[in-house]
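Participant: Provided below are the primary sequence and the corresponding predicted coordinates.
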Amino acid sequence: MSTKLIDLRSDTVTQPTTGMREAMMQAPLGDDVWGDDPTINALQERCASMFGKEDACFVPSGTMANQLAIRSQTQPGDEIIIHKDSHIVYYEAGGAAALSGCSFAIANGNRGFFTSADVRALIRPDDFHFGTSSLVSLENTHNRGGGSIWPQDQLVDVCETAHEFGLNTHLDGARIWHAAVASGTDAATLAKPFDTLSACFSKGLGCPAGSIVAGNKDTIKKVRHFRKMFGGTMRQSGILAGAALFALDHQLERLQTDHEHAKILANGLHSIDGISCDASTTDTNLVFFVIDKMLGDGASLCRKLMDNGIMSEALDSQKIRYVTHLDVTREEIERAIQITADTVAHVSN
Ligand SMILES: *Cc1c(COP(=O)(O)O)cnc(C)c1O
């Protein structure tokens, strides 16, 4: 019998590697609230240049990164044009409304994408009855869209339209490095159409915590002000920046392995009776699959999978998500397919 549970719930479950722990131990530290933590400063400079932006600010989480970008570029009463399945809409505890007084103008579309025509249709006319459209927010890769990578032309078109109407653009790039590695496009090119972006070190890069917000100097100055207001300043946080710098040097290119594993999983799952999984839209490390009604609902199948050694998450009644990451080996990927097949065969008998 197998021993260890295969944890496919998320790429956030990774443990810091030995090399990362070593880098954290050795990181020179200061007090970042005084601005003199050398490792934080090095990370912020590195990220600003990597994304082709003037400045960057380290923050505890991706949620805070997004919320700071929103707070710094909107006024209460403003509307944010955003896809209905976005993390900011779905998983940030209503933060945009609570912290910035903004509401959403909702775009629809497959896989988390929308078009410049959607943006035009959602921008409020200049009329005192309406809220002010001030920000368009995109997600790349798109989490609930299945780890999908925006077609770059479409993304540029959406952002150009936003700018044409005087709106700012924000990228929720929690998994921007997945998009960069999988598409072979450098991060600066992916970031270029955006006034601000957020990115997470605690997802595929394998860090224990930390995210970054990048943008121009004036906006990042505001981000620093609101980071203080939101309670997100930290002191010897270079210990986390040390992990992030290590990840950028040593654990970035290997995302390709997670993407290969995801394709293997997708094809393997699709070959199981009662499961359908589209490998051609499995762009990165998130594998979404749909289960037949005869297998029950997603949550109950997840519980059975758990009994047999796989931790996973049900996204809705018939959809389950497996996520590949640093702590899942090729052998475990093969085993996960086998366990899923056995579990499903047992349920349908
Ligand atoms: C994970 C994630 C975030 C931020 O999550 P935190 O848990 O707050 O770090 C933001 N956007 C997307 C798309 C994500 O997947």
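Facilitator: Right, received. Where do you want to start?
Participant: Which parts of the stretch 101-250 of the chain are strands?
Facilitator: 103-107, 132-139, 168-173, 196-200, 211-215 (DSSP state E, counting those that start in this stretch).
Participant: could I get those as a markdown table with mean pLDDT, mean neighbour count and distance to residue 35?
Facilitator: Placement of C-beta: from N, CA and C, glycine included. Shown next, in a markdown table, are the strands of the stretch 101-250 of the chain (pLDDT from 0 to 100; neighbours: other C-beta atoms under 10 Å; distance: least, C-beta to C-beta, whole Å):
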| stretch | mean pLDDT | mean neighbour count | distance to residue 35 |
| --- | --- | --- | --- |
| strand 103-107 | 98 | 18 | 35 |
| strand 132-139 | 98 | 25 | 28 |
| strand 168-173 | 99 | 27 | 25 |
| strand 196-200 | 98 | 29 | 21 |
| strand 211-215 | 98 | 29 | 16 |
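Participant: can I get these in CSV with distance to the ligand?
Facilitator: Converted to CSV, the strands of the stretch 101-250 of the chain look like this (distance: least, C-beta to the nearest ligand atom, whole Å):
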stretch, distance to the ligand
strand 103-107, 15
strand 132-139, 5
strand 168-173, 5
strand 196-200, 5
strand 211-215, 6
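Participant: Nearest to residue 119, out of those strands?
Facilitator: Each of those has some distance to residue 119 by C-beta to C-beta; the shortest is strand 132-139, at 6.0 Å.
Participant: any idea how far residue 208 is from the ligand?
Facilitator: 11 Å (C-beta to the nearest ligand atom, to the nearest Å).
Participant: ok, back up a step: turn the strands of the stretch 101-250 of the chain into CSV, columns for distance to residue 339.
Facilitator: Below are the strands of the stretch 101-250 of the chain laid out as CSV (distance: least, C-beta to C-beta, whole Å):
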stretch, distance to residue 339
strand 103-107, 38
strand 132-139, 31
strand 168-173, 33
strand 196-200, 29
strand 211-215, 33
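Participant: Who are the contact partners of whichever residue of the chain sits closest to the ligand?
Facilitator: Proximity of the chain to the ligand (C-beta to the nearest ligand atom) peaks at residue 62, 2.4 Å away. Shown in contact with residue 62 (C-beta atoms under 8 Å, 6 or more residues apart in numbering): 87, 172, 174, 198, 199, 200, 202, 203, 211.
Participant: Please name the nearest non-neighbouring residue to the fifth one.
Facilitator: Spatial nearest neighbour of residue 199, chain neighbours left out: residue 173 (4.5 Å); criterion: C-beta to C-beta, 6 or more residues apart in numbering.
Participant: thought the one you found was touching residue 198?
Facilitator: Yes. Between residue 173 and residue 198 there is a contact under C-beta atoms under 8 Å: 5.9 Å.
Participant: Tell me who's in contact with the residue nearest to residue 199.
Facilitator: 139, 140, 179, 190, 191, 197, 198, 199.
Participant: now do residue 29
Facilitator: 37, 38, 39, 236, 238, 239.
Participant: Repeat the analysis, applying 7 Å as the threshold.
Facilitator: Residues in contact with residue 29 (C-beta atoms under 7 Å, 6 or more residues apart in numbering) are 37, 39, 236, 238, 239.
Participant: In helices only, show me the residues you listed.
Facilitator: Among these, DSSP state H puts 39, 238, 239 in helices.
Participant: Which of the helices or strands spans the residue nearest to the last one when sequence neighbours are not counted?
Facilitator: It stands for residue 239. Leaving aside its chain neighbours, residue 239 sits nearest to residue 24 (5.1 Å; criterion: C-beta to C-beta, 6+ apart). Following DSSP states H and E, one finds residue 24 within helix 18-26.
Participant: can you pull the buried residues of that helix?
Facilitator: Of the residues in helix 18-26, 20, 23, 24 count as buried by neighbour count, 16 or more other C-beta atoms under 10 Å.
Participant: what helices or strands is it leaning on?
Facilitator: helix 238-250 (3 or more C-beta pairs under 7 Å, 6 or more residues apart in numbering; DSSP states H and E).
Participant: In the stretch 201-349 of the chain, where is pLDDT below threshold?
Facilitator: 349 (pLDDT under 70).
Participant: again, only using 50
Facilitator: By pLDDT under 50, the stretch 201-349 of the chain has no low-scoring segment.
Participant: contacting residues for the nearest residue to residue 61 once chain neighbours are set aside?
Facilitator: Excluding the flanking residues, the one nearest residue 61 by C-beta to C-beta, 6+ apart is residue 211, at 5.8 Å. If you count contacts by C-beta under 7 Å, 6+ apart, residue 211 has them with 59, 61, 62, 65, 198, 199, 200, 201.
Participant: how about the residues of the stretch 51-200 of the chain near the ligand?
Facilitator: 61, 62, 63, 66, 87, 139, 143, 172, 174, 200 (C-beta under 6 Å from any ligand atom).
Participant: Okay, and which of these map to helices?
Facilitator: 62, 63, 66, 87.
Participant: By neighbour count, which of those wins?
Facilitator: residue 66 (30 neighbours; other C-beta atoms under 10 Å).
Participant: My read is that it contacts residue 88, right?
Facilitator: Yes. If you go by C-beta atoms under 7 Å, residue 66 and residue 88 touch, sitting 5.4 Å apart.
Participant: Can you pull the residues that touch both of those two?
Facilitator: residue 172.
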